[in-house]
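K.L.:
here is a sequence together with a model predicted from it:
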Amino acid sequence: MKTKILVTGACGQIGTELVKALRKAHGWKNVITSDLYPATEGMQQGGLYLSLDVLNKKKLGYLVEQTGTTQIYHLAASLSAIAEKNPVAAWELNMRGLLNVLEIAREKNVAQVFWPSSIAVFGPDSMPSVCFQNSKADPLTVYGISKMAGEYWCRYYKRNFGLDVRSLRYPGLVSHSAPAGGGTTDYAVDIFHQAIAKGSYTCFLKENTCLPMMYMPDAVRATLELMAAPIENLSVDTSYNISAMNFTPAELAAELKKHMELKVNYAPDSRQQIADSWPLSINDRQAQQDWGWQPHYDLAGMVKDMLGHLTFKEAVWLK
Ligand code: NAD
Ligand code: SER
């Protein structure tokens, strides 16, 4: 069967990068992007873009049928910090959106679904410092609760309807192509832009707040590798832990200072409480064993690559 991919929430931080990789792997004609925004000429340039609210199940079903979609990458969601500002709306988007995708996938015989979970499923009672694949979920945020429930809905559709739905618990993601979308780990993206623009940054987390993080090229590769893995190798039917690096704002700032002048102040806000409930590190042995997961970027490698991309963009923009 020919692969035809539909990506929801495609204009966000992950979609911006993932779509490029999917188009490279499957051909641009076979990857249809969608988001809330009306289609502009720019969006249409890389391939077919459709305006789609994932809460509109009827339209989602129509588009899946009309395009002959065989795989859905469901990225539309509200991230942790934004979700805390309007918990009921975030729950509706994260849960209803996922249920619409799972139901349409079942009804229209979509072959595979990818849905991202998060380290936010863990919390104070999970483990003191390192969370293993089967550590207790203990989410304190509405975002984390929606990810935990989502994992179990995915498992339900897999067990009861044979739907091939796969999932990763992404750590905080750092990327240069798109801004971060309202999460607690966004500081690790913002600091690069402010460092280049102003040589200073005010961080909304305390300097010693350690969190699991990953560079976007690794996250995109993990996604493609999981989706291509033989199904019989996959022993986790909720969501796979994946890990690359753990760092604090102070450690990221110190790495940046090896390349530039930078002054960092710390003014923790409500996002500190969210960060304090998340794990310091993640054990991903099961992903390594089942589908050979290995990260390529550590902190030094990520900072060097990010600065290479961002300073090049800055130079082109200034011309
Ligand atoms: P993002 O906020 O950057 O992008 C989400 C996109 O969804 C946006 O473009 C937004 O316009 C779109 N959207 C919002 N409501 C919609 C609706 N009703 N219908 C259709 N589209 C809608 O988020 P992201 O960072 O790209 O994250 C994508 C997924 O990955 C989410 O499920 C998120 O929870 C998960 N995730 C992200 C990270 C991270 O660090 N970025 C970490 C763990 C998990
Ligand atoms: N990076 C995400 C956030 O901060 C975690 O899933 O919301």
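P.N.:
Everything's here; your move. Ligands and ions are numbered 1, 2, ... in the order given.

K.L.:
spell out which parts of the stretch 101-250 of the chain neighbour ligand 1.
P.N.:
116, 118, 170, 172-173, 181-183, 185 (Cβ under 6 Å from any ligand atom). Using the backbone N, CA and C atoms, a C-beta is placed for each residue, glycine as well.

K.L.:
give me the subset of those residues that also touch ligand 2.
P.N.:
Among these, proximity to ligand 2 is found for 118, 172, 183, 185 (Cβ under 6 Å from any ligand atom).

K.L.:
could you list which of those residues belong to strands?
P.N.:
Members of those lying in strands (criterion: DSSP state E): 118, 172.

K.L.:
relative to ligand 1, which of the ones next to ligand 2 among the residues of the stretch 101-250 of the chain next to ligand 1 is nearest.
P.N.:
Taking Cβ to the nearest ligand atom as the measure, ligand 1 lies nearest residue 118 of those, at 3.8 Å.

K.L.:
now the ones next to ligand 2 among the residues of the stretch 101-250 of the chain next to ligand 1 as TSV including pLDDT?
P.N.:
Listed next are these as TSV, based on pLDDT from 0 to 100:
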residue	pLDDT
118	98
172	98
183	96
185	97
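
K.L.:
mark which of the ones next to ligand 2 among the residues of the stretch 101-250 of the chain next to ligand 1 are buried, thanks.
P.N.:
118, 172, 183, 185 (16 or more other Cβ atoms under 10 Å).

K.L.:
and which of those is nearest residue 154?
P.N.:
For those, the closest approach to residue 154 (Cβ to Cβ) belongs to residue 118, at 13.3 Å.

K.L.:
touching, that closest one and residue 169? I think so.
P.N.:
Yes - counting by Cβ atoms under 8 Å, residue 118 touches residue 169, with 5.8 Å between them.

K.L.:
who touches both of the two?
P.N.:
Counting by Cβ atoms under 8 Å, 6 or more residues apart in numbering, the residues touching both residue 118 and residue 169 are residue 147.

K.L.:
name the nearest residue to residue 276, ignoring sequence neighbours.
P.N.:
Spatially, and ignoring its direct neighbours in sequence, residue 276 is nearest to residue 209 (7.2 Å; Cβ to Cβ, 6 or more residues apart in numbering).

K.L.:
low-confidence regions, the protein specifically.
P.N.:
The chain contains residues with pLDDT under 70 at 312-319.

K.L.:
nearest to ligand 2: which residue in it?
P.N.:
Closest point on the chain to ligand 2, by Cβ to the nearest ligand atom, is residue 183, at 2.4 Å.

K.L.:
what about the residue nearest to that residue when sequence neighbours are not counted, how many neighbours?
P.N.:
Excluding the flanking residues, the one nearest residue 183 by Cβ to Cβ, 6+ apart is residue 79, at 3.9 Å. By other Cβ atoms under 10 Å, 21 other residues sit near residue 79.

K.L.:
so who does residue 79 touch?
P.N.:
143, 180-184.

K.L.:
could you pull out the strands in the stretch 51-200 of the chain for me?
P.N.:
For the stretch 51-200 of the chain, the strands defined by DSSP state E, counting those that start in this stretch cover 71-74, 112-114, 117-118, 130-131, 164-166, 168-170, 172-174, 200-203.

K.L.:
against which helices or strands is the second one packed?
P.N.:
Based on contacts counted as 3 or more Cβ pairs under 8 Å, 6 or more residues apart in numbering; DSSP states H and E, the elements that strand 112-114 packs against are strand 71-74, helix 97-107, strand 164-166, helix 216-228.

K.L.:
who does the last one touch, helix- and strand-wise?
P.N.:
Okay, so that is helix 216-228. Short answer (3+ Cβ pairs under 8 Å, 6+ apart): helix 216-228 packs on helix 13-26, strand 112-114, strand 168-170, strand 172-174, helix 285-291.
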